[in-house]
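Peer 1: got a predicted model here, sequence first, then my questions.
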Amino acid sequence: MENPQVNLQIRTRATARQLVTELITAPRPQIQAGQVLVEVLYVPLHGSFWLATHPHNLHPRRHEFLQDGSFVFGSGGVGRVLEVSGSNPARAQVGDFVTLFGHLPCQHADCRSCWQLHRYVECDYGQGRILGHGKGGPDGSYARYVGLPPYSYEVCYRAAENPDESHLTAFMYAYLFADVRNACSRNSGTLGRERMLLIGAGQSALIAAYLHLSSGADHRLVVVDPCLERACRVQSMSPERVEFFCPPQNLIERLNAGQPVDLEPLLVELSQRCRQHFQGRACDLVFDASSGNATPLWAHPCILSPGCLCIPFGFGSQGLQLSPELLQLSGLTIRTSRGVGDLHNRRLVVERLRAEWSEISRRFLVSAARRLSSLEEAMDFIREQHMPPRPLHQVELAYITPNPLDLPASTA
C-alpha cells in the first residue's frame, strides 16, 4: 500500500548539457492558513509543458522555471480537497472538487493589477506567480498531491453533487479556456471580428476556433498547421466555415530552427486561400496559437488587412519583426494577452463548462487525448516524447490520472 504521506512528483531539472525530467518522491505538502490540500485527479499534458521540459531548453521564460535549478510543472487540472486550513476565498470544503487556474497574486496590498483587477501576471511589482512555473511559486499539479494558495483555484463541483468522471475531465482544461477567452476578450470587439487566421491547431487553437465560430453565424476562419489530422479536427467544428492550409513540415522545421526560408510563394498561396474563403477580403483577426516560430507566416502585408488585430498566444516564436510596410498599415494592432484573466473571467468559464462548453471540452480535448493511468505511466510517455525530442506538433495529446477514484459511472 502506498504511503499517503509521500508525494510523487514529475520534476524537471537542469544538468550541464540539457534538461532532465524524472519521477521523484517528496513529503506530502503541509498547507498554511488559507490554503487547501488537493489530491490531483486529472491533469493534461500540453504545449507549455513540452516547451518547458524540452531537453534542449526551448521555453522563452526558462530562466523563471529554472530559478532554483528545477521545477514541478502544472498550473491546471482537477482535484479533490483533502484538507482546508482556515477560510479561503473560494469557500472550498473537504470533499469538494476544484479546478486549478494556477495564477497567484503578489503580497503588496497597493498592487492594482493583483488586488483590484485580479490580473496576476500583470503585477505592478512583477511578483505575480504561477503554480509550477518557478519564480518562487509553489510546486505544480504534476503530482499526487498539491497545496493550493488562495485564488489559484475555483470550486467546480460540491461534494454533494456527486459529479461523474465525464463532468470532471471536462474541467481539466478550464485554465486553458480562461487563458484563451482572456486573450480574445481583452480587446473590445475581438469576438465580433469575422475573419480569423488561426495559426496552429493544438488545444488552445481548438478553443479559439470554437469561441470565434460561436460568436457569429457569419464568422469564418482559415487554420494553418503542418499536421493534416490536427487541421481537420478544427475543420470538423464547422466544415463550411473552416478552411485549412498545411505548409510543408520540412519548412516549419527550418523556421523553428532559425534557418533562412524563402516564404514568398507560400505567403502568396496562403493569402489567396484566405481571400477566397473570406469572399475577397483579408483576415481581420490573427490568433497565433502555435508553439513554434510562426510569426513569419502571418506578419506580412499580403496577409494582414488594415485594422487587423493580431494576438500572439503561443510561446515558440523567436521574435516579431515589423517591416516598413507593416509599420505603415493603418490600424494594425498587436495585443499580447496572457494569463487566465480576472476573477469574473475564471468564474464565467466555470459556469460555461458546467453547461454548453462541457461537450466541446470532452469532444475535442478529452476524447482526443491518451489517458495515462498513473504518474509512472506518464513518465514512460514523457521519455517516449523526449528521446529523441519530437516537434511539438507531433507530440500526442495526453492527460494523467495520478489518483484513480471510485467515481459514479459516466452518464455522457
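Peer 2: Yes, it's here. Residues are numbered from 1 along each chain as shown.
Peer 1: Glu83 looks like it's in a strand, true?
Peer 2: Yes. Looking at Glu83 with DSSP: H, G, I helix; E, B strand; the rest coil, it is inside a strand.
Peer 1: give the bridge partners for the closest residue to it other than its chain neighbours, please.
Peer 2: In space, and not counting its chain neighbours, Glu83 is closest to Leu37: 4.0 Å by CB to CB, 6 or more residues apart in numbering. No exception for glycine: its C-beta is placed from N, CA and C like everyone else's. Beta-bridge pairing of Leu37 under DSSP bridges involves Glu83, Gly147.
Peer 1: the chain should start at 23 in everything you say after this.
Peer 2: Sure, I'll start counting at 23 from here, so that last one is Leu59.
Peer 1: number of residues surrounding Leu59?
Peer 2: 19 (other CB atoms under 10 Å).
Peer 1: pretty sure it is touching Arg102, no?
Peer 2: No. Counting by CB atoms under 8 Å, Arg102 is not a contact partner of Leu59; they are 10.0 Å apart.
Peer 1: check contacts around Leu122.
Peer 2: Leu122 makes contact with 96-101, 153, 163, 168, 170, 174-175, 196-197 under the criterion CB atoms under 8 Å, 6 or more residues apart in numbering.
Peer 1: pLDDT score for the closest residue to His130 other than its chain neighbours?
Peer 2: Leaving out its chain neighbours, the residue that sits closest to His130 by CB to CB, 6+ apart is Tyr147, at 5.4 Å. With respect to pLDDT, Tyr147 has a value of 94.
Peer 1: count the neighbours of Tyr147 for me.
Peer 2: Neighbours around Tyr147, by other CB under 10 Å: 12.
Peer 1: is it in a helix, a strand, or coil?
Peer 2: Applying three-state DSSP: Tyr147 is coil.
Peer 1: if I look at it, how far off is Ile46?
Peer 2: Tyr147 sits at a distance of 32 Å from Ile46 (criterion: CB to CB, to the nearest Å).
Peer 1: re the thing from before, contacts only, for the residue nearest to Glu105.
Peer 2: 50-51, 53, 103-107, 167-170.
Peer 1: quick one: Arg84 and Thr75 touch, right?
Peer 2: No. In this structure, Arg84 is not within contact of Thr75 by CB under 8 Å, at 10.2 Å.
Peer 1: mind checking which of those two has more residues around it?
Peer 2: Neighbour totals were compared for Arg84 and Thr75, and Thr75 leads with 25 against 17 (other CB under 10 Å).
Peer 1: pretty sure the more buried one sits against Met401.
Peer 2: No. Using CB under 8 Å, Thr75 makes no contact with Met401, being 11.4 Å away.
Peer 1: mutual contacts of these two, please.
Peer 2: In contact with both Thr75 and Met401: Thr43, using CB under 8 Å, 6+ apart.
Peer 1: if I pick the residue nearest to His130, what's in contact with it?
Peer 2: 128, 130, 133 are the contacts of Tyr147 under CB under 8 Å, 6+ apart.
Peer 1: most neighbours, which of the residues you listed?
Peer 2: Cys133 (19 neighbours).
Peer 1: for Asn209, see how far away His140 is.
Peer 2: Taken as CB to CB, the span from His140 to Asn209 is 18 Å.
Peer 1: so the two - more neighbours on which side?
Peer 2: Shown here are His140 and Asn209; by other CB under 10 Å, His140 has more neighbours (18 against 15).
Peer 1: I'd assumed Ile382 was in a strand, is it?
Peer 2: No. Counting by three-state DSSP, Ile382 is not part of a strand but helix.
Peer 1: so who does it touch?
Peer 2: Ile382 sits next to 229, 232 when contact means CB under 8 Å, 6+ apart.
Peer 1: count the neighbours of Leu414 for me.
Peer 2: 23.
Peer 1: correct me, but it touches Leu67?
Peer 2: No. Using CB under 8 Å as the test, Leu414 is too far from Leu67 to be in contact (11.4 Å).
Peer 1: how does the chain divide up, domain by domain?
Peer 2: 28-199+361-422, 209-356 (automatic domain parsing).
Peer 1: mind checking how far the shortest one is from the chain centre?
Peer 2: Spelled out, it's domain 209-356. 18 Å (CA atoms, centre = their mean, to the nearest Å).
Peer 1: residues in contact with Val42?
Peer 2: 34-36, 77.
Peer 1: try 7 Å
Peer 2: Val42 makes contact with Arg35, according to CB atoms under 7 Å, 6 or more residues apart in numbering.
Peer 1: again, but for Arg50
Peer 2: 27-29, 167.
Peer 1: how about these in a markdown table, adding secondary structure?
Peer 2: Formatted as a markdown table, these follow (three-state DSSP):
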| residue | secondary structure |
| --- | --- |
| Gln27 | coil |
| Val28 | strand |
| Asn29 | strand |
| Tyr167 | strand |
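Peer 1: could you pull out the helices in this structure for me?
Peer 2: Ranges of helices in the chain, per DSSP state H, are 69-75, 84-87, 134-137, 187-192, 196-207, 225-235, 250-257, 271-278, 286-299, 346-349, 365-375, 379-382, 397-408.
Peer 1: list the contacts of the closest residue to Arg141 other than its chain neighbours.
Peer 2: Leaving aside its chain neighbours, Arg141 sits nearest to Ser135 (5.2 Å; criterion: CB to CB, 6+ apart). If you count contacts by CB under 7 Å, 6+ apart, Ser135 has them with 141, 144-146.
Peer 1: which among those count as buried?
Peer 2: 141, 144-145 (16 or more other CB atoms under 10 Å).
Peer 1: nearest to Pro334 among these?
Peer 2: Ranked by distance to Pro334 (CB to CB), the buried ones among the contacts of Ser135 are led by Glu144 at 16.1 Å.
Peer 1: residues touching that closest one, list them.
Peer 2: Ser135.
Peer 1: do the same with Pro248
Peer 2: Counted by CB under 7 Å, 6+ apart, Pro248 has contacts 268-269, 271, 274, 415.
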